[in-house]
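Enquirer: Provided below for reference: sequence and predicted model.
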Amino acid sequence: MQISLARQVALVTGASSGIGAGAARALADAGASVVLNYHSSAGPAQDLAREINANGGRAIAVGADVSKEQDIERLFAQTLEAFGTLDILVANSGLQKDAAAVDMSLEDWNTVIGTNLTGQFLCARAALRIFTRQGIRQGVSRAAGKIIHMSSVHQRIPWAGHINYAASKGGVDLLMQSLAQETSHQRIRINSIAPGAIRTAINRDATEGEQEQKLLELIPYGRVGDVEDVANAVVWLASDLSDYVVGTTLFIDGGMSLYPGFRGNG
């Protein structure tokens, strides 16, 4: 079954590379107009916008730091200026600043929480204001708006040496559920995706060669994920095919969150 998001507008944060870029491309392929947010890497986001436009879609690239309220207000204002509406938010921006807890600086803690958790709140709040104002667009979608939070398997799996990242993703889980509980009566659908190990340029060293074989010990399904695995889930959650899915986290992880180390050790 082919999914159509024709006449819908999607905003994807952190869309200059990796999962964000893959999600933006997939949404465009499904017919949505797409706003590609980037922080510091303008070139790749602009290149992707040109690619989408050349293929008959509609896309713009907009720079913004999602941890800053004024940047978010400008990002959403430019979205409405360009396309007149918003139907889908993919709150994807995220980063890591890794260290043992005893060595972690407050700046690195605040930076990760600011982008990964506060940034998702600021984006969701801006989207909800639009969705609440415009309501259901008849003939476009059964929902008044859809928000897809990008979490991680580490909302469930503790991660020593990455406490700021794990804490941020644990926060995203309850942020998503609480927002869904608060707004679903307005026919706004909010869900999350929790990727496991996904093969992207930024983590190539961890997903190739000997490191890949070590990583596969944590993945029961026996392969590292591809960006398309997550992007396909984004498109499904943005579509009416998932219209009764509310407040749910979809783990895209090949079974990593099943704690495979416990097989035979129970």
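Expert: In hand now; what should we look at? Computed from a prediction, not measured in an experiment: that's the story for all the values here.
Enquirer: need the longest helix for the chain.
Expert: Looking across the chain with DSSP state H, the single longest helix is helix 163-183.
Enquirer: which helices and strands sit right next to that helix?
Expert: helix 106-113, helix 119-134, strand 145-150, strand 188-195 (3 or more CB pairs under 8 Å, 6 or more residues apart in numbering; DSSP states H and E). C-beta coordinates here come from the backbone N, C-alpha and C atoms, glycine included.
Enquirer: helices and strands around the second one, which ones?
Expert: With contacts taken as 3+ CB pairs under 8 Å, 6+ apart, helix 119-134 sits against helix 69-83, strand 88-91, strand 145-150, helix 163-183, strand 188-195.
Enquirer: got the contact list for the second one?
Expert: Read that as strand 88-91. Residues outside strand 88-91 that contact it (CB atoms under 8 Å, 6 or more residues apart in numbering) are 5, 8-13, 20, 23-24, 27, 32, 66, 119-120, 123-124, 127, 145-150, 234, 238.
Enquirer: Contacts only, for Leu237.
Expert: 146, 148, 189, 191, 193, 245, 250.
Enquirer: nope, Gly171 is what I meant
Expert: 113, 116-117.
Enquirer: For these, give me a markdown table that also has distance to Met256.
Expert: Output for the contacts of Gly171, formatted as a markdown table (distance: CB to CB, whole Å):
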| residue | distance to Met256 |
| --- | --- |
| Ile113 | 24 |
| Asn116 | 19 |
| Leu117 | 22 |
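Enquirer: hmm, back to that, give the buried subset of the contacts of Leu237 as a ChimeraX selection command.
Expert: Remark: buried members of these, expressed as a ChimeraX selection using 16 or more other CB atoms under 10 Å:
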select :146,148,189,191,193,250
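Enquirer: Show me the shaky parts of the stretch 1-150 of the chain.
Expert: Applying pLDDT under 70 to the stretch 1-150 of the chain flags the ranges 1.
Enquirer: Which residue, other than its chain neighbours, is closest to Leu241?
Expert: Ile3 (6.4 Å; CB to CB, 6 or more residues apart in numbering).
Enquirer: tell me the SS of the one you found?
Expert: coil (DSSP: H, G, I helix; E, B strand; the rest coil).
Enquirer: So among the contacts of Gly171, which ones count as buried?
Expert: Buried, going by 16+ other CB under 10 Å: 113, 116-117, out of those.
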